[in-house]
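Student: fold the following for me, if possible:
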Amino acid sequence: MRAQMAASFERQRALLRDPEYREAMVAQQKMMLMRMNPDMSRDLELTPEQMDRLYTTLGEQYVRQMETQEYFGDAATDPEGVSARMREANRRSEAQRAANLAEIRKVLGDAKYREFEQYQYMSGARSEASRIRDSLATAGVPLDSDLAMPLAKVIHEYQQKHARANTITLPAEGEFVAHSAVLSEPHSLNSVENLQEQLENMAKFQREQREALARVLSPQQLKVIEEEQESSLQIQRAQLRVMQTQQ
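Tutor: Predicted structure coming up:
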């Protein structure tokens, strides 16, 4: 299996030496980036030409990363050699990362590069904002497109506030709107008392969340979010009742 894995890495590097294959890989990566960041052009106010240069640069960087990937599966037979190779690979990776950032800065310019950095930093909040927008659209109260970035910024600020307070665990990506249920360590779910405390924390979390979202959403839109959150609470209350019955 180790030999097969090593051979697979070498085949990939050999393919990337083919200009046609390499160009296809860059194009594929550009398409994926476009699907993953449909609002970037609007949010960062980038022209189509700037977006194309940015995505081309990111695609080429991805391909270069593929070229330099190494297989370290022979650690059992050569631990010292593998350890040295891994240290060297980490060093090269850090150097390449710095070079990549400099390359992006050159493409965008200093001002747009700072905006791009912040945009990337807010990726989790933007994902949650997108989910909220989808939920509101489904409910028939869509969010104005101009409010997409303000909504993401509100969510980001709210997440950072609670992360600094360190009073609760932030919900996982995809759980911000309706499923922010896991607010403490997983092992505490074994206790009815701890689950009851979690429910109280969750209700508080959701209430404060809606207060933050009220800066962007209308009362009608907030009602949609409240109903989704209440549905999530009902599921957790049902779980609590099951645990109480078992005890």
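Student: per-residue pLDDT, T169?
Tutor: The per-residue pLDDT reported for T169 equals 46.
Student: one more: A129?
Tutor: 90.
Student: my guess is it contacts S145, does it?
Tutor: No - between A129 and S145 there is no contact under CB atoms under 8 Å: 11.7 Å. C-beta coordinates here come from the backbone N, C-alpha and C atoms, glycine included.
Student: those two: which is more packed in?
Tutor: Neighbour tally, A129 and S145, criterion other CB atoms under 10 Å: the higher count belongs to A129, 27 against 10.
Student: who are the contact partners of the nearest residue to that one once chain neighbours are set aside?
Tutor: Excluding the flanking residues, the one nearest A129 by CB to CB, 6 or more residues apart in numbering is A152, at 4.0 Å. Contacts for A152 were tallied using CB atoms under 8 Å, 6 or more residues apart in numbering; they are 122, 125-126, 128-129.
Student: helix or strand for A152, which one?
Tutor: helix 148-165 (DSSP states H and E).
Student: list the buried residues for that helix?
Tutor: 148-149, 151-156, 158-159, 162 (16 or more other CB atoms under 10 Å).
Student: most residues in a single helix of this protein, which one?
Tutor: Selection of the longest helix in the chain by residue count, based on DSSP state H, yields helix 79-108.
Student: helix or strand next in line after it, which one?
Tutor: helix 110-121.
Student: buried ones in the next helix or strand after that next one?
Tutor: Counting by DSSP H and E, the next helix or strand C-terminal to helix 110-121 is helix 123-138. Residues of helix 123-138 classed as buried: 124-129, 131-133, 135-136 (neighbour count, 16+ other CB under 10 Å).
Student: what's the burial count for E226?
Tutor: 15.
Student: also the one 4 residues further on?
Tutor: By the measure other CB under 10 Å, the count of residues near E230 is 12.
Student: what of M36?
Tutor: Summarising burial for M36: neighbours were counted as other CB under 10 Å, giving 10.
Student: in the contacts of A152, find the pair that's most separated.
Tutor: Within these, M122 and E128 form the most distant pair, 10.0 Å apart (CB to CB).
Student: middle-most residue in the chain, spatially?
Tutor: Nearest to the mean C-alpha position of the chain, by CA atoms, centre = their mean, lies G124 at 4.3 Å.
Student: please tell me how far that one sits from R105.
Tutor: G124 is 23 Å from R105, where distance means CB to CB, to the nearest Å.
Student: what's the helix or strand of the chain with the lowest mean pLDDT packed up against?
Tutor: Taking mean pLDDT, DSSP states H and E as the measure, the chain has helix 2-16 as its least confident helix or strand, at a mean of 79. Helix 2-16 sits against helix 19-36, helix 48-68, with contacts defined as 3 or more CB pairs under 8 Å, 6 or more residues apart in numbering; DSSP states H and E.
Student: who's in contact with the helix or strand following the shortest one?
Tutor: By that I understand helix 19-36. The C-terminal neighbour of helix 19-36 among helices and strands, as given by DSSP H and E, is helix 40-44. The contact list for helix 40-44 (CB under 8 Å, 6+ apart) reads 46-48, 51, 112, 115-116, 119, 145, 148-149.
Student: can you redo those as TSV with distance to L217?
Tutor: Shown next, in TSV, are the contacts of helix 40-44 (distance: CB to CB, whole Å):
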residue	distance to L217
L46	27
T47	31
P48	31
M51	29
K112	29
E115	24
F116	27
Y119	22
S145	14
A148	12
M149	14
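Student: buried ones among these?
Tutor: When the contacts of helix 40-44 are checked for burial by 16+ other CB under 10 Å, the buried set is 46, 51, 112, 116, 119, 148-149.
Student: list just the nearest of the residues you listed to Q239.
Tutor: A148 (34.1 Å).
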